[in-house]
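1. need the 3D shape of this:
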Amino acid sequence: MTRTADDSSAAKGARLLIVGPPGSGKGTQAKRISSVYGIPDISTGDIFRANIKNGTPLGVQVKSIVDAGDYVPDSLTNALVAERLEEDDARNGFLLDGYPRTLEQVSSLDDLLTEKGQSLDGVIQLVADRDEVVARLTKRAQEQGRVDDSEEAIRHRQEVYLRETSPLIDVYRDRGLLIEVDGLGGVDEVGSRITQALAGRGILPASERDSESVA
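-> Numbering: from 1, shown residues only. Alright, predicted model coming up:
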C-alpha cells in the first residue's frame, strides 16, 4: 500500500531553521540541505530581492525602505515570509535562513505555523570557534585583496551575530528544537554531521523518505 504525504510524516519534508555565525558556511550548507531533503532554501534576502524584481506591492515597500537606508520592519518581513510559505514548493517543508532574527519574528512564525496546524521540526545551529572563524575569514580577505575586511571588522560582525541570535537560540533550546552541529571542517564533513543529527530526530533525506513511502 502506498502512503501519501498527508498520512505519513516520513513522506513529507521537514520544517527547519538554520543559524550560524558569518564564516560558518551556513549558506553552503543551506543549499545542501535543500537538495538532500527536497525542501526549498528560503532566505529573507532572496525574498526581498524577488519581490523587488517582480514589483509586487510588498516589494515596492521594501525597495523604498532599502533605498532610504532604513531597516525593513518586522511587520513587513513577517508578511513577506508568510506569503513565501504559501507557495507550493513550501507546502510540505522548508528551510528558513536568516529568519526569524528577532523575538517578534519568532512569535509571528509561531502564529503562522499554528494557523496552518504545523510546527518546526528543528533548528540547526552551526557552532564554530570564534577565533578559528575569524582567522579563516581574515586569511580569505587577505587572499582576495579585501583590505576593508579587517580582523576588527570581522570580529565586530561575529559579536553582532552573537548578540542578535542568542535570545532566539535560547528560545529554541528551551523548546527542545535546537540541533547543535560542529560547523568547522570540509563541506561534506559538516554536511554529514547535519544529516546524522537530523536522522537522530527522525528527519530523513528525501531519497530515504521516498523509499519508506511504499509499504
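2. which of the residues in the helix of greatest length in the chain are buried?
-> Ordering each helix of the chain by length in residues (DSSP state H) puts helix 151-174 first. Across helix 151-174, burial judged by 16 or more other C-beta atoms under 10 Å covers 154-155, 157-158, 161, 165, 168, 171-172. All C-beta atoms are positioned from the backbone trio N, CA, C, and that covers glycine.
3. can I get these in JSON lines with distance to residue 24 and pLDDT?
-> Shown next, in JSON lines, are the buried residues of helix 151-174 (distance: C-beta to C-beta, whole Å; pLDDT from 0 to 100):
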{"residue": "154", "distance to residue 24": "13", "pLDDT": "90"}
{"residue": "155", "distance to residue 24": "15", "pLDDT": "91"}
{"residue": "157", "distance to residue 24": "12", "pLDDT": "88"}
{"residue": "158", "distance to residue 24": "10", "pLDDT": "90"}
{"residue": "161", "distance to residue 24": "9", "pLDDT": "89"}
{"residue": "165", "distance to residue 24": "11", "pLDDT": "90"}
{"residue": "168", "distance to residue 24": "16", "pLDDT": "95"}
{"residue": "171", "distance to residue 24": "20", "pLDDT": "97"}
{"residue": "172", "distance to residue 24": "17", "pLDDT": "98"}
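4. can you get me a residue count around residue 25?
-> Number of residues near residue 25 (other C-beta atoms under 10 Å) recorded here: 21.
5. mind listing what residue 141 touches?
-> 147, 149-150, 154 (C-beta atoms under 8 Å, 6 or more residues apart in numbering).
6. same question for residue 41.
-> 30-31, 33-34, 95, 97.
7. just the buried ones from the residues you listed?
-> Using 16+ other C-beta under 10 Å, the buried ones in the contacts of residue 41 are 30, 33-34, 95, 97.
8. show me the residues you listed that map onto strands.
-> By the criterion of DSSP state E, membership of the buried ones among the contacts of residue 41 in strands covers 95, 97.
9. for this protein, which segments are assigned as helices?
-> Using DSSP H, helices in the chain cover 26-37, 44-54, 57-67, 74-84, 103-116, 130-143, 151-174, 187-199, 206-212.
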